[in-house]
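J.: 3D model of this:
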Amino acid sequence: MVYDRSKPDGTPRKLLDVTRLHSLGWQAQIPLREGIAQTYAWFLDSAAAGRLRTQDTPPLNIQPV
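T.: Predicted coordinates:
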């Protein structure tokens with residue numbers, strides 16, 4: 001096996017430039033770490049309460065308005 005450094009070594013990095021959003025007046029309301037912590041807490045709470053969908057859960061039947 002030969003390692004070829006000219007080829008990508010995994011998933012490319014995806015970055016988001018928010019300069020344009022800032023120029024339009026947008027600002028994040030929740031810092032990234034806090035948002036991740038809140039999302040993880042929601043996930044744990046939802047998992048404990050059995051509110052998460054699994055592969056065995058039938059798809060939601062949502063009708064367009």
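
J.: could you point out where this protein is predicted with low confidence?
T.: Applying pLDDT under 70 to the chain flags residues 10-13, 59-60, 65.

J.: Where do the helices of it begin and end?
T.: Assigned by DSSP state H, the chain shows helices spanning 19-23, 32-48.

J.: possible to save those as CSV with mean neighbour count?
T.: Heads up, the C-betas are built off the backbone N, CA and C, glycines and all. As requested, those are exported to CSV (neighbours: other CB atoms under 10 Å):
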stretch, mean neighbour count
helix 19-23, 9
helix 32-48, 10
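
J.: could the ones you listed be laid out in a markdown table, adding distance to residue 2?
T.: Compiled in a markdown table, these are given as follows (distance: least, CB to CB, whole Å):
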| stretch | distance to residue 2 |
| --- | --- |
| helix 19-23 | 41 |
| helix 32-48 | 39 |
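
J.: Show me the one of the ones you listed that comes nearest residue 3.
T.: Nearest of those to residue 3, taken as CB to CB: helix 32-48 at 33.4 Å.

J.: next one: stretch 23-32 to chain centre, how far?
T.: Distance of stretch 23-32 from its chain centroid, counting by CA atoms, centre = their mean, to the nearest Å, is 17 Å.

J.: what's the answer for stretch 20-38, then?
T.: Distance, stretch centre to chain centre, for stretch 20-38: 14 Å (CA atoms, centre = their mean).

J.: same question, stretch 43-55
T.: When distances are taken as CA atoms, centre = their mean, stretch 43-55 is centred 17 Å away from the chain's centroid.

J.: swap in stretch 39-55?
T.: Distance of stretch 39-55 from its chain centroid, counting by CA atoms, centre = their mean, is 15 Å.

J.: Ok, stretch 14-25 next?
T.: Chain-centre distance of stretch 14-25: 17 Å, with CA atoms, centre = their mean.

J.: mind saving the C-alpha coords of it as CSV?
T.: Output of stretch 14-25 as CSV, limited to C-alpha atoms (Å, rounded to 0.1, in the frame of the first residue of the first chain):
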residue,chain,number,x,y,z
LYS,A,14,-16.6,22.7,5.0
LEU,A,15,-16.5,26.2,6.2
LEU,A,16,-19.1,28.9,6.3
ASP,A,17,-18.3,32.5,5.7
VAL,A,18,-20.9,34.7,7.4
THR,A,19,-19.5,38.0,6.1
ARG,A,20,-22.4,38.4,3.7
LEU,A,21,-24.9,37.6,6.4
HIS,A,22,-23.3,40.1,8.7
SER,A,23,-23.4,42.7,6.0
LEU,A,24,-27.2,42.1,5.9
GLY,A,25,-27.5,42.7,9.6
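
J.: Understood, closing this out.
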